[in-house]
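**Q** build me a model:
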Amino acid sequence: MRDRQAVVIGGTGFIGRHICRAFAKRGYEVLAIARKPAEPIPGVVFLGLDAVSAPSEDIVRATRSADLVVNAAGDSWEGDEASMTASHIPLVDRLVDAVATLPRRPRLVHLGSVH
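**A** So this is what the prediction gives:
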């Protein structure tokens, strides 16, 4: 039996780090995707990828084996209107499109935003 796999977009952010830890504690293989690395989390693999601007093929490749994809990414307080829009609307559209192309579609969970 293969292990369950979770991909967390925004996995080095405040909420994303907590999500990664929780999945790792529950036996998931966890891939944290983010623009920049943070302090390593035990049991979590990091992939440096800006999901807002990366080619869709990179997102498909990163999520191909996932049972679950969590989107915890997005500018919160420091971004201007354009960067917040890019990280909250087109990113979600790209993730939905990428997951829809996979032969075995993972569950996609999108976290809301104050924006």
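**Q** wait, residue 71 touches residue 112, no?
**A** No: assessed by CB atoms under 8 Å, residue 71 is found out of contact with residue 112, at 10.2 Å. Using the backbone N, CA and C atoms, a C-beta is placed for each residue, glycine as well.
**Q** of those two, who's got more company?
**A** Per other CB atoms under 10 Å, whichever of residue 71 and residue 112 has more neighbours is residue 71, with 22 against 7.
**Q** list the contacts for the more buried one?
**A** Residue 71 sits next to 9, 10, 91, 92, 95, 108, 109, 110, 111 when contact means CB atoms under 8 Å, 6 or more residues apart in numbering.
**Q** ranking those by neighbours, who comes first?
**A** Going by other CB under 10 Å, residue 9 tops the contacts of residue 71 with 29 neighbours.
**Q** shouldn't that one be in contact with residue 51?
**A** Yes: counting by CB under 8 Å, residue 9 does reach residue 51; the two are 5.2 Å apart.
**Q** of the contacts of residue 71, closest to residue 22?
**A** Proximity to residue 22 was ranked across these by CB to CB; first place goes to residue 109, at 12.4 Å.
**Q** for residue 50, grab phi and psi.
**A** Note on residue 50: backbone dihedrals following degrees, to the nearest 10 are phi -90, psi 100.
**Q** pretty sure it contacts residue 35?
**A** Yes: using CB under 8 Å, residue 50 makes contact with residue 35 at a distance of 4.6 Å.
**Q** what about the helices in the protein?
**A** For the chain, helices defined by DSSP state H occupy the ranges 14-25, 56-63, 81-88, 90-100.
**Q** got those as CSV, with distance to residue 44 and mean pLDDT columns?
**A** Supplementary listing: the helices of the chain in CSV, determined by distance: least, CB to CB, whole Å; pLDDT from 0 to 100:
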stretch, distance to residue 44, mean pLDDT
helix 14-25, 5, 95
helix 56-63, 14, 93
helix 81-88, 22, 71
helix 90-100, 19, 88
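**Q** would you list those in CSV and tack on distance to residue 4?
**A** Below are the helices of the chain laid out as CSV (distance: least, CB to CB, whole Å):
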stretch, distance to residue 4
helix 14-25, 8
helix 56-63, 14
helix 81-88, 27
helix 90-100, 16
